[in-house]
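In: sequence first, then the predicted structure:
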Amino acid sequence: MVHVGKRLKKAYQSFNQGKVYTLEEAVKLVKTNATAKFDETIEIAMNLNIDSRKTDQNVRGIVQLPNGTGKNYRVAVFAKGVKADEATKAGADIVGAEDLMEKIQAGDMPFERCIATPDMMGLVGRVGKILGPRGLMPNPKLGTVTMEVAQAVAAVKGGQVEYRTEKGGIIHSGVGKASFQEKALVENIIAYIDAVQKARPNGIKGTYIKKMTLTSTMGVGVHFEIPA
């Protein structure tokens, strides 16, 4: 039997698990129940009516959250010369070329996002088998293969979130911290939902978003409806 601690029992008792709440109600409940000794991440999970085994139904993209994520992402940039200088000035944590590739090959990857200028992609490809499975491979569709490296670094540092479907058509991402004001979380979540809705694959019939849940790192999931 799975043991449920007092904190989780109290969380479960604070709401009706069979009810679908409004976004505002869900945010209030999740924030109230985020009582861990650290600033918990508020996470959204969306169950989409897609077949993730079909490449034309894979939903993937980026969204700029208006109030940031509350997390300081470490950014690595593959660039040389002027573009390397621009990336450094923009706040990139690691900037390099062959030296950065060698660090990655050695398993030294102290970063959560990776950006590259187009001319560096031949080099990046040599560590693609390492970066790819970790979701770190630069991609022009996501704006992470670009000559505008300063802009790309600023976007990541400013609250850019990547979303992608996993098995079963599930998408989940962090959309803020429990310490955020309710209004800020609501704005972030609306921006996230809008981005996923706009990424709806052609040919999907009927309901696209089947279910949405909001939770915190150590909390319980609260189902909520699409904001009007």
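Out: In hand now; what should we look at?

In: okay, now the domains of this structure?
Out: 17-69+160-223, 75-157 (automatic domain parsing).

In: check the offset of the longest one from the chain's centre.
Out: To tie it back to what came earlier, the one meant is domain 17-69+160-223. Between the centre of domain 17-69+160-223 and the centre of its chain there are 9 Å (C-alpha atoms, centre = their mean, to the nearest Å).

In: pLDDT averaged over that domain - what is it?
Out: For domain 17-69+160-223, mean pLDDT rounds to 92.

In: cool, and the shortest one?
Out: For domain 75-157, mean pLDDT is 95.

In: count of neighbours near the closest residue to residue 41 other than its chain neighbours?
Out: The spatial neighbour of residue 41 that comes closest, neighbours along the chain excluded (C-beta to C-beta, 6 or more residues apart in numbering), is residue 174 at 4.4 Å. Yep, even glycine has a C-beta here, placed from its N, CA and C like the rest. Residue 174 has 19 neighbouring residues, counting by other C-beta atoms under 10 Å.

In: Three-state assignment for residue 174, please.
Out: When classified by DSSP: H, G, I helix; E, B strand; the rest coil, residue 174 comes out as strand.

In: for it, give me its contacts.
Out: Going by C-beta atoms under 8 Å, 6 or more residues apart in numbering, residue 174 touches 41, 42, 43, 69, 71, 161.

In: for residue 149, same thing?
Out: Neighbouring residues of residue 149 by C-beta under 8 Å, 6+ apart: 77, 79, 83, 86, 87, 90, 92, 115, 117.

In: among these, which are located in helices?
Out: With DSSP state H as the criterion, helices contain 83, 86, 87 from among the contacts of residue 149.

In: residue 18: which of these is nearest?
Out: residue 87 (49.7 Å; C-beta to C-beta).

In: the closest one - how many residues pack around it?
Out: 25.

In: give me the longest helix you can find in this protein.
Out: The residue-count maximum for a helix in the chain (DSSP H) belongs to helix 182-198.

In: packing partners of the helix or strand following it?
Out: Using DSSP states H and E, the helix or strand that follows helix 182-198 in sequence is strand 209-216. Counting contacts by 3 or more C-beta pairs under 8 Å, 6 or more residues apart in numbering; DSSP states H and E, strand 209-216 packs against helix 23-33, strand 41-48, helix 182-198, strand 222-223.

In: now these as TSV including mean neighbour count?
Out: Listed next are the helices and strands packed on strand 209-216 as TSV, based on neighbours: other C-beta atoms under 10 Å:
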stretch	mean neighbour count
helix 23-33	21
strand 41-48	21
helix 182-198	18
strand 222-223	21
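
In: who's in contact with the nearest residue to residue 222 once chain neighbours are set aside?
Out: Closest residue in space to residue 222, ignoring its immediate chain neighbours: residue 26 at 4.5 Å, by C-beta to C-beta, 6+ apart. Counting by C-beta under 8 Å, 6+ apart, residue 26 makes contact with 214, 222, 223, 224.

In: now the last one: closest residue in space that isn't a chain neighbour?
Out: I take that to be residue 224. residue 26 (3.8 Å).

In: again, but for the third one
Out: Spatially, and ignoring its direct neighbours in sequence, residue 223 is nearest to residue 20 (4.9 Å; C-beta to C-beta, 6+ apart).

In: what count of nearby residues applies to that neighbour?
Out: Neighbours of residue 20 under the rule other C-beta under 10 Å: 14.
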